[in-house]
Each structure stands twice: as C-alpha cells, then as structure tokens.
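Participant: just need the structure, nothing else, for what follows:
(one chain, ligands or ions: 1)
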Amino acid sequence: MLHKNLKEFPKNFLWGASTSAYQVEGASLEDGKGPSCQDVKKIPKGTTDLKVCADHYHRYKEDVALMAEMGFKAYRFSISWTRIIPDGIGEINPKGIAFYNNLIDECLSHNIEPIVTMFHFDMPAKLDEMGSWSNRDSIEWFTNYAKVLYDNFGDRVKYWLTINEQNTLTLDGPIVGTLKIPEGCNNILKEVYQQNHHMLVAQAKAMALCHEMLPNAKIGPAPNIGLVYPASCDPEDILAAQNYNAIRNWLYLDVSVYGRYNNLVLAFLEEKDALPEILVEDERILKSGHPDYIGFNYYNTSTVKASDGTEALNEADQQSVLNEPGFYLAYANPNLPRTEFGWFIDPIGFRATIREIYSRYHLPMLLTENGLGAYDKLEADGSIHDQYRMKYLKDHIEQMALAITDGCDMLGYCPWSAIDLVSTHAGIVKRYGFIYVDRDEFDLKTLNRYRKDSFYWYKKVIASNGQNLEL
Ligand code: BG6
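Facilitator: Prediction:
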C-alpha cells in the first residue's frame, strides 16, 4: 500500500534499545549470584565465556548515562533470576535486589522507562538439576520468582515482559544453550513441547499475578516473530508456510492472547506423537492471563516450501529454518540480502509482520529486538564507522512508520542492542550495540566505552521522534 502522507510516531513513543543479563552484565558469580544454565553450559568453541561480558554490572551508571545522552526513552534489560534467588527457589539475595534497584533508579533519574524482561535464556542451574521446565513445579518456581520481582520493583517498573523468545527455546534450544532434556528421554519432541506448555502456563500465571498485584503495570510476552513466506504460489507451498507460521509464530501469541492452542500446532504434535499433557486446570489458567501489549523480536522473515516427507534434516539457528519433513522445508529467499553472519535482511518483512500481528491480535506492540550483528572496527581515533548498521536500522524504522500509517499500534522500538554484548553462540565479535566495548573474544583490554557512528545517528532519530533518518 502506498501512502501519500506518513503518520508521525506517537508522542510518547518508546525509543530505546535492549540487552539481556547473561549477555551484558558479567559478574556471573559475584555478590551472591547463583549459577544459571548459561554459566555451566559448554561454551561454543572459539568464543568467550560469560564471566565478564560487557561488565555492565560494574559500569551500569556509565552505560545508562550514555543511553541518556542518546536520548533513550526506554531501556529494555532482563533480570537474572539467580542474582535475585541464587538457587531459583528459596532464599533471596539482597545484593541482587540492590543491583536492580540501582539500575532501575538510574534509568528513572534520566527519565528512561525501564522495560524488564523476567527471563532471558538463563534458567537457574539448580532448577535444571531438578528437571528444569520438564518439572511441573517449574510453573510455581516461575510464579514465585515473578512475585518477588513485582514485590521489589513493581513500584517503579511499568512495563514487564515474561519470557524472551520462548519459541527459540522450543525450536532451537541447543543453539541458545538452554532447555535441558532429562537423561533417557525417548521422545524428545514431546518433552520439549511439555516444557513449552509449562512455560505457557507459567507465563499466564505471571501475567494474571501482575494484574492483581500491579494494576497500573503492563505486561506482555516477548517471542521472536517473523512472518513466514511461501517459496511460490504453489498451493502446497502456501500450506507449508501456514504450517511453519503456526509452529514458529502463532502458537506463542495465540496461547498468550486467547489462552488456546493453535489447531495446526495441535495437529502437527498429534501426528508426531508429541502432544503435551494439558490439565483441565491449565486450560483455566491459560484463559486467565491476558497481555496488555505484545512485545516481539524481529530479525527477519523465513521462507519455506512444501515437503513430501522424504527429505533430510539440515542445520539451522534461531533465524533460519530447521526442516520438518512432511510439513515444511527451508527455502533460501532469492530476493533478500544477508548479513555477514548469514542472516537474511528484510525490512519490508518487518512491516508485513507488524500488520499480521495487529490484524490477528489487535493489541499495541513493542519491538523488543531488531538489529545487525557485524564485525565492527575501532579506529585509532576512537571512532567506529558502522554505516551498515545505520542503514539496516533506518530501513526498518521506515517500514515501521509505514506500518503505523497502515493503522497498526506501535508503542516503541528497542533494537538489539544498547551496547555490545556476547552473542548467543558467536562470541562478542558479533557486535550489535550503539556503544562499542573495547574488548576482544579472549582479551579483555580496557573495557572502555566508545560511541559508534550509529550512536550519533540514533540520537538524531530520537530527537526528531523518527522524522530525521538521514544517514
Ligand atoms: C535473539 C536473542 O535471539 O537474538 C538475543 O533474544 C540474541 O539474546 C539476539 O543475542 C541475536 O542473536 P545472536 O545469536 O546473534 O546473539
């Protein structure tokens, strides 16, 4: 649809950026923090461990000041469960509470709205030993943790997000280093979807509790949503795209918003003998948790073609398609360029995704991640010329403006990432930030912060409320 006049971004639009605790904080076992699954996992070969990351734990004041200098209206960060409750259940760590109190207060002192993700890929290691999300008790563990967060931070935090990229955990758990499968399990898919079900119930309980305890707060999910295209107009390809759209995207939002499973997903799981056990009580709980908005991460779209069920499996990460013979197969979209790390780039797909989410759920949306991972270079004069990142973000912001003009309700834009941090599986050299952190994969160097060219550019974007996108 061509528009003659673009609508402006809403006046209180939440321009900002995102991080996650285990990727940015470091201090992984400091001040009473317990180990999470990220601290005990096998680190991918050739990449850093997570002990220091960007050292945000010690430098958050400097980092928030830089965000304020860019004009951030919001900062989306996650809380580390094991910094708050070292074993995941039981005793609370006062130093963990103090750290997030300080971080929240620091944001507020700069008029930056804290947007808190409750869980971002970092299950407490102790709970992993107790069966992780396979254990039905995980619903109570998470609800109890949510209550501790609301009790301690609910007086100042208005925007909450439940579980980051639950769909990535379910579809690509090993890539992001999470989801523990019990030894001897002979139906892994069923186990994974049982875990997924427990997360969905836990999320619904956390949302209901949030509304009960904090009537003025807003809470939403944060899956990774990217529209799935059919490889062609062959009707079989259309069905394949519907299958993957349901399994990758709509399952998570249908349950979260409507409290019911998507029928295509149920049919897929039944076919695979992988239906989770859903108690009657669960159905009631799922219906009781309503999001106030939809947070979603968008990196790109996917494209699939039909499968006759005889094809081989392939390799994939969170932004590519793992073949599901009989249901859909990965297809390389020839219309899209790729990043240095092989991810497709599709700004128009961002507009299409926003439109689709809005027409399905009619809730305000918050973009919680979007961005370009690249090898940035620190020049001798302290500059970093990341024009490629500015171009990527500009193209996406333009499409978001078009989606708003299409009538979609966007609350804010928080790309990945506010500052350089450790990637899920490609180390710290895969950088996303507006702020450069002086360290390499294995050499911590000075850890000093430098403003990238995208830093100054985003500052202009925010100051003009998205009107000035000039590169
Ligand atoms: C999302 C995650 O999948 O993408 C982030 O929520 C992650 O944790 C981001 O860092 C980028 O992915 P990667 O693999 O490049 O770090």
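Participant: and the residue in the chain that the ligand sits nearest to, helix, strand or coil?
Facilitator: As assessed by CB to the nearest ligand atom, the ligand sits closest to Ser423 within the chain, at 3.1 Å. C-beta here means a position set from N, CA and C on the backbone, and glycine is covered the same way. Here Ser423 is recorded as coil under DSSP: H, G, I helix; E, B strand; the rest coil.
Participant: repeat that for the one 5 residues further on.
Facilitator: Under three-state DSSP, the three-state class of Ile428 is coil.
Participant: tell me who's in contact with it.
Facilitator: Applying CB atoms under 8 Å, 6 or more residues apart in numbering, we find Ile428 in contact with Thr47, Thr48, Cys53, Ala54, Asp420, Leu421, Val422, Val437, Arg439, Asp440, Glu441.
Participant: could you do Ala463 as well?
Facilitator: Gly71.
Participant: that older thread, give me the distance between the residue of the chain closest to the ligand and Lys45.
Facilitator: Counting by CB to CB, to the nearest Å, the gap from Ser423 to Lys45 is 14 Å.
Participant: same check, this time on Lys147
Facilitator: Taking CB to CB as the measure, Lys147 falls 40 Å from Lys45.
Participant: neighbour count winner among those two?
Facilitator: Lys147 (16 against 6; other CB atoms under 10 Å).
Participant: leaving aside the residues adjacent along the chain, what's closest to the more buried one?
Facilitator: Leu209 (6.3 Å; CB to CB, 6 or more residues apart in numbering).
Participant: tell me which element the one you found is part of?
Facilitator: For Leu209, the host element (DSSP states H and E) is helix 188-213.
Participant: and that helix, what other elements does it pack with?
Facilitator: If you count contacts as 3 or more CB pairs under 8 Å, 6 or more residues apart in numbering; DSSP states H and E, helix 188-213 packs onto helix 138-153, strand 159-164, helix 166-172, strand 218-222, helix 251-258, helix 263-271, helix 280-288.
Participant: and those as TSV, adding distance to the ligand and mean pLDDT?
Facilitator: Formatted as TSV, the helices and strands packed on helix 188-213 follow (distance: least, CB to the nearest ligand atom, whole Å; pLDDT from 0 to 100):
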stretch	distance to the ligand	mean pLDDT
helix 138-153	18	98
strand 159-164	5	98
helix 166-172	5	94
strand 218-222	8	98
helix 251-258	14	98
helix 263-271	21	98
helix 280-288	24	97
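Participant: adding distance to Ile462, write those out as CSV.
Facilitator: Formatted as CSV, the helices and strands packed on helix 188-213 follow (distance: least, CB to CB, whole Å):
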stretch, distance to Ile462
helix 138-153, 25
strand 159-164, 18
helix 166-172, 28
strand 218-222, 21
helix 251-258, 28
helix 263-271, 39
helix 280-288, 37
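Participant: and the pLDDT for the residue nearest to Lys147?
Facilitator: We have a pLDDT of 98 for Leu209.
Participant: ok, now Val176?
Facilitator: At Val176, the pLDDT value in this model is 79.
Participant: residues contacting it?
Facilitator: Taking CB under 8 Å, 6+ apart, one finds Phe121, Glu165, Thr168, Leu169, Gln318, Thr424, His425 in contact with Val176.
Participant: distance to Leu372 added to the residues you listed, as TSV?
Facilitator: Formatted as TSV, those follow (distance: CB to CB, whole Å):
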residue	distance to Leu372
Phe121	20
Glu165	18
Thr168	18
Leu169	23
Gln318	15
Thr424	15
His425	17
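Participant: most neighbours among the residues you listed, which one?
Facilitator: Glu165 (27 neighbours).
Participant: the nearest residue to Ile278 once chain neighbours are set aside: neighbour count?
Facilitator: Nearest non-adjacent residue to Ile278, counting by CB to CB, 6+ apart: His197, 6.3 Å away. When neighbours are counted by other CB under 10 Å, His197 registers 23.
Participant: nearest to Gly96 among the contacts of Ile428?
Facilitator: Cys53 (16.4 Å; CB to CB).
Participant: okay, that closest one: pLDDT?
Facilitator: 98.
Participant: repeat for the one 4 residues further on
Facilitator: The predicted local confidence for Tyr57 comes out at a pLDDT of 98.
Participant: host element of it?
Facilitator: Using DSSP H and E, Tyr57 falls in helix 56-70.
Participant: CA atoms only: put stretch 278-289 into CSV for me.
Facilitator: Extracted in CSV, the C-alpha atoms of stretch 278-289 (Å, rounded to 0.1, in the frame of the first residue of the first chain):
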residue,chain,number,x,y,z
ILE,A,278,-2.6,-30.4,29.3
LEU,A,279,-4.6,-30.5,32.5
VAL,A,280,-8.1,-29.0,32.8
GLU,A,281,-6.7,-26.6,35.4
ASP,A,282,-4.1,-25.5,32.8
GLU,A,283,-6.9,-24.5,30.4
ARG,A,284,-8.4,-22.3,33.0
ILE,A,285,-5.0,-20.7,33.8
LEU,A,286,-4.2,-20.1,30.2
LYS,A,287,-7.5,-18.2,29.8
SER,A,288,-6.8,-16.1,32.9
GLY,A,289,-3.6,-14.5,31.7
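Participant: which residues sit against it?
Facilitator: Applying CB under 8 Å, 6+ apart, the contact partners of stretch 278-289 are 197, 200-201, 203-208, 255-256, 259-261.
Participant: returning to that earlier point: the residue of the chain closest to the ligand contacts Gly373, correct?
Facilitator: Yes: between Ser423 and Gly373 there is a contact at 6.3 Å, judged by CB atoms under 8 Å.
Participant: intersection of neighbour lists for those two?
Facilitator: Lys430, Tyr432.
Participant: where do the strands of the chain begin and end?
Facilitator: 14-18, 74-78, 113-119, 159-164, 218-222, 228-230, 294-297, 302-305, 329-330, 365-369, 410-413, 435-437, 449-451 (DSSP state E).
Participant: save those strands as TSV, and put in mean neighbour count too.
Facilitator: As requested, the strands of the chain are exported to TSV (neighbours: other CB atoms under 10 Å):
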stretch	mean neighbour count
strand 14-18	26
strand 74-78	26
strand 113-119	24
strand 159-164	26
strand 218-222	27
strand 228-230	23
strand 294-297	26
strand 302-305	24
strand 329-330	22
strand 365-369	26
strand 410-413	23
strand 435-437	25
strand 449-451	19
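Participant: any chance of those in a markdown table, plus distance to Pro347?
Facilitator: Listed next are these as a markdown table, based on distance: least, CB to CB, whole Å:
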| stretch | distance to Pro347 |
| --- | --- |
| strand 14-18 | 18 |
| strand 74-78 | 21 |
| strand 113-119 | 23 |
| strand 159-164 | 23 |
| strand 218-222 | 21 |
| strand 228-230 | 14 |
| strand 294-297 | 15 |
| strand 302-305 | 15 |
| strand 329-330 | 21 |
| strand 365-369 | 12 |
| strand 410-413 | 13 |
| strand 435-437 | 23 |
| strand 449-451 | 25 |
